[in-house]
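1. missing the sequence, but the structure's below:
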């Protein structure tokens, strides 16, 4: 019988305390929506999102003024196999750019009123300003053996949980998830293939722009990694350790930690979706705390959302990652919450209430 690590035991103890969203708060939210002077349910899934957040925050007085994007940054040893256009040096450069508002997602954060928190959980290089919570200097090449040890995977998950808890303690009310790491579309595709039990080619895309020849090589390398490591799809931590990445592990922890604290957490693209699915496989109760932002252009996107039983709000053919799709959802949620909090009721507007007709 396999012995669990100290980190695994702590993860289990924390996730065992996840509560379901508060039904009374959700019902109060629905009643409030139905009292507003507009056709019933006419804002569709925006109304549902606010009601979901009401259940998560355990109050009908929904507030998401304090927003944060957590970007887990890590490198992946599998880049040795030539499955990416860029080298590992790019990860550290972009991670630093997040702090100077030079990157796409940091500009989006500024415009949407979100704070950005890049975290070095496994970059191959050290940087002077990025928050350092490094588990390892990159993972090993998964094509040759496990990407990391089970202990490292559990430690990285716990690191993400602690980060979510710290942001909750600092007063943040909603989190978005992002990542930065050259080679992480290969690791996420490998995990997706294992979890979904589908052929590698069905969940593998060109990433940051591989040629057709490069895509064939990438599929071959991912298939080799799965054959070499034989990850157990019934054991999420085993899949994560053998063919995953430290960024995915950290994001898994953010999803779990958000659920533990009562924070809604927004899913980004396929890498974030793989982390979300890993979190749900580890603690199914955390699914109620997630919102899906967009349908990535990557092949695995809709398959992962279906496995999570989530429907995304946006379809923009985005595949940048870094949390860009998750942050793009923030303005839409802000509009919904503003209407929810400020619109006149039927009584205030002097309008006869609508009735729900069958």
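-> Thanks, I have the structure now. What you see is a predicted model, and the numbers here were worked out from it, not measured in a lab. Numbers count the residues shown, from 1 in each chain.
2. what about residue 23, neighbour count?
-> 9 (other Cβ atoms under 10 Å). Backbone N, C-alpha and C define where each C-beta goes, glycine included.
3. pretty sure it contacts residue 56?
-> No - the pair residue 23 / residue 56 is not scored as a contact, 11.9 Å apart, by Cβ atoms under 8 Å.
4. ranges for the strands of the stretch 101-250 of the chain?
-> Secondary structure of the stretch 101-250 of the chain by DSSP state E, counting those that start in this stretch: the strands cover 114-122, 131-132, 174-180.
5. could I get those strands in a markdown table, plus columns for distance to residue 276 and mean pLDDT?
-> Below are the strands of the stretch 101-250 of the chain laid out as a markdown table (distance: least, Cβ to Cβ, whole Å; pLDDT from 0 to 100):
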| stretch | distance to residue 276 | mean pLDDT |
| --- | --- | --- |
| strand 114-122 | 17 | 98 |
| strand 131-132 | 22 | 97 |
| strand 174-180 | 8 | 98 |
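6. between the ones you listed, which gets nearest to residue 319?
-> With Cβ to Cβ as the measure, strand 174-180 is the member of these nearest residue 319 (12.8 Å).
7. between strand 114-122 and the closest one, find me the angle.
-> Here strand 174-180 points in a direction 40 degrees away from that of strand 114-122 (axes from the mean of the first three to the mean of the last three Cα atoms, to 10 degrees).
8. how far does strand 174-180 sit from its chain's centre?
-> 6 Å (Cα atoms, centre = their mean, to the nearest Å).
9. in that strand, which residues are buried?
-> Neighbour-count burial for strand 174-180 flags 174-180 (criterion: 16 or more other Cβ atoms under 10 Å).
10. dump the residues you listed into a markdown table; add distance to residue 167 as well.
-> Formatted as a markdown table, the buried residues of strand 174-180 follow (distance: Cβ to Cβ, whole Å):
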| residue | distance to residue 167 |
| --- | --- |
| 174 | 10 |
| 175 | 6 |
| 176 | 11 |
| 177 | 12 |
| 178 | 14 |
| 179 | 16 |
| 180 | 18 |
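11. nearest to residue 320, of these?
-> So of those, ranked by how close each gets to residue 320 (Cβ to Cβ), first place is residue 178, at 9.6 Å.
12. what about the nearest residue to the closest one once chain neighbours are set aside, how many neighbours?
-> In space, and not counting its chain neighbours, residue 178 is closest to residue 323: 2.3 Å by Cβ to Cβ, 6 or more residues apart in numbering. Residue 323 has 35 neighbours, counted by other Cβ under 10 Å.
13. likewise for the one 10 residues further on?
-> The burial count assigned to residue 333 is 23, neighbours taken as other Cβ under 10 Å.
14. what strand or helix carries it?
-> In the assignment (DSSP states H and E), residue 333 maps to helix 324-342.
15. where does pLDDT dip in the stretch 101-250 of the chain?
-> Filtered on pLDDT under 70, the stretch 101-250 of the chain yields the residue ranges 208-209.
16. closest one to residue 91 among the strands of the stretch 101-250 of the chain?
-> Using Cβ to Cβ, the strands of the stretch 101-250 of the chain put strand 174-180 closest to residue 91, at 5.8 Å.
17. that closest one: partners in the sheet, and parallel or antiparallel?
-> Sheet pairing for strand 174-180, assigned by DSSP bridges, gives strand 67-74 (parallel), strand 265-267 (parallel).
18. between the first one and helix 324-342, how many degrees?
-> Our comparison of strand 67-74 with helix 324-342, counting by the same axes, to 10 degrees, yields an angle of 160 degrees.
19. for the record, mean pLDDT for strand 67-74?
-> The predicted model assigns strand 67-74 a mean pLDDT of 98.
20. next one: it to chain centre, how far?
-> Centre-to-centre, strand 67-74 and its host chain are 9 Å apart (Cα atoms, centre = their mean).
21. same question, stretch 8-25
-> 18 Å.
22. quote the end-to-end distance of that stretch.
-> One end of stretch 8-25 sits 32 Å from the other (Cα to Cα, to the nearest Å).
23. residues of that stretch that come out buried?
-> Buried residues in stretch 8-25, defined by neighbour count with 16+ other Cβ under 10 Å: 8, 10-11, 14-15, 18, 21-22, 25.
24. likewise stretch 216-234?
-> Result for stretch 216-234 [16+ other Cβ under 10 Å]: buried residues 218-219, 221-226, 229, 231.
25. hang on, the earlier thing: which helices and strands does the helix holding residue 333 pack with?
-> With contacts taken as 3 or more Cβ pairs under 8 Å, 6 or more residues apart in numbering; DSSP states H and E, helix 324-342 sits against helix 23-35, helix 45-57, strand 67-74, helix 104-112, strand 174-180, strand 265-267.
26. rounded mean pLDDT for that helix, please.
-> Here helix 324-342 scores 98 as its mean pLDDT.
27. how about stretch 31-42?
-> 96.
28. any idea how far apart the tips of that stretch sit?
-> 14 Å.
29. for that stretch, which outside residues touch it?
-> Residues outside stretch 31-42 that contact it (Cβ atoms under 8 Å, 6 or more residues apart in numbering) are 43, 47, 50-51, 60, 339-340, 343-349, 351, 353-354, 356.
30. returning to what we had before: among the helices and strands packed on helix 324-342, which is nearest residue 119?
-> strand 67-74 (5.5 Å).
31. after the closest one, which helix or strand is next? Please name it.
-> Strand 67-74 is succeeded, C-terminally, by helix 89-98 (DSSP H and E).
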